[in-house]
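[1] Kindly return the folded structure for what I paste below:
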Amino acid sequence: MLRPLKLFGLFARISILNEVQYRANFFMQVLQSSLSLGTGLIVLNVVYSYTDNLGGWSQAELLAVYGVFVLMSGLIGSLVLPNMWAFMEDVREGRLDFTLTKPEDSQVLISVRVVAIWRLVDVLLGIVVLGVAIGRMGLEASWWLAFAFAATLIMGMILLYCVLLLASILSFWFVRVWELMEMMQSIFQAGRWPVGIYPDWLRLGLTYLIPVAFAVTVPAEALTGRLTPELLAGTFVFTLVALFVTRRLWMFGLRNYSGASA
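    Numbers count the residues shown, from 1 in each chain. Reported below is the predicted structural model:
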């Protein structure tokens, strides 16, 4: 367990050194993230100018959902997506061979080697939005709420990692997997709203195919006191199953990878 964390720390330092050479990117990211956040808040205010309740969620509670969405977007955009894009490019160009020859677990290596530090701006903005939402809801400090929120947030991120890696593994057999990745990112935008407001068929897809529900709605439910112990346990089991399936398919994909010299 410590070895992957040490590798992540090493690659994170390298990524930071590379990124700080282009500091203008930071200001561009701040502008982009601020515009996106502002647009989302305006839409939220417009919706609640016509109603006081949306699918059982008040405006303050839906602000918490949006805060989790922004926070999760930043985490995935900084820690997961850059590595998936790099992995698919390595398979296409034949550079994955160099990763496979290293004396470390190949899945760990392709998962931690890139950190897009400027996307952490979204993480900070998400935390600010969550702070405002908590203040408006008047939540009292609770160890259970803190634990449930942190646990579901981590499990949600793991589930999104699994789904994105599963999609990336298709690059062992197909060339234009990047289109699927872009489609999945577009679908993730549905996480701006609680999945309970969508039709049943779409709700199932956003829960088990692309786990937007587990990544955004469930952590928001934990923060607002809606989460039950049964749902928390179910999320944990689903996360373990997703990790197991992802690992097995990763190993299967490697066995079908012929390498650049084949």
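[2] Nearest the middle, which residue of this structure would you pick?
    Centroid-nearest residue in the chain, with CA atoms, centre = their mean: Ile76, separated by 3.6 Å.
[3] which ones are touching that one?
    Applying CB atoms under 8 Å, 6 or more residues apart in numbering, one finds that Ile76 lies in contact with Met157, Leu160, Tyr161, Leu164, Phe188. C-beta here means a position set from N, CA and C on the backbone, and glycine is covered the same way.
[4] Once you drop chain neighbours, what's closest to the fourth one?
    With CB to CB, 6 or more residues apart in numbering as the criterion, Leu164 has its nearest non-adjacent residue at 5.1 Å, and that residue is Met84.
[5] How many neighbouring residues does that neighbour have?
    Neighbour count of Met84, defined by other CB atoms under 10 Å: 23.
[6] Leu180 now?
    Residues lying near Leu180 (other CB under 10 Å) number 14.
[7] That one against Ser171, yeah?
    No. Assessed by CB atoms under 8 Å, Leu180 is found out of contact with Ser171, at 9.6 Å.
[8] The helix or strand of the chain with the lowest mean pLDDT: which residues count as buried?
    Here the helix or strand of the chain ranked lowest by mean pLDDT, DSSP states H and E is helix 2-19, holding a mean of 82. Counting neighbours by 16 or more other CB atoms under 10 Å, one finds that the buried residues in helix 2-19 are Leu7, Phe8, Phe11, Ala12, Ser15.
[9] Helices of the protein, residue ranges please.
    Taking DSSP state H to define them, one finds helices in the chain at 2-19, 24-48, 59-75, 81-93, 96-100, 106-112, 120-137, 143-169, 178-188, 200-204, 212, 218-223, 229-255.
[10] among the ones you listed, which is nearest Pro194?
    Comparing the helices of the chain against Pro194 with CB to CB, the closest turns out to be helix 59-75 (5.6 Å).
[11] what's the angle from that closest one to helix 178-188?
    Using axes from the mean of the first three to the mean of the last three CA atoms, to 10 degrees, the inter-axis angle of helix 59-75 relative to helix 178-188 is 160 degrees.
[12] tell me which strands and helices helix 59-75 is in contact with?
    Packing contacts for helix 59-75, counted by 3 or more CB pairs under 8 Å, 6 or more residues apart in numbering; DSSP states H and E, involve helix 24-48, helix 120-137, helix 143-169, helix 218-223.
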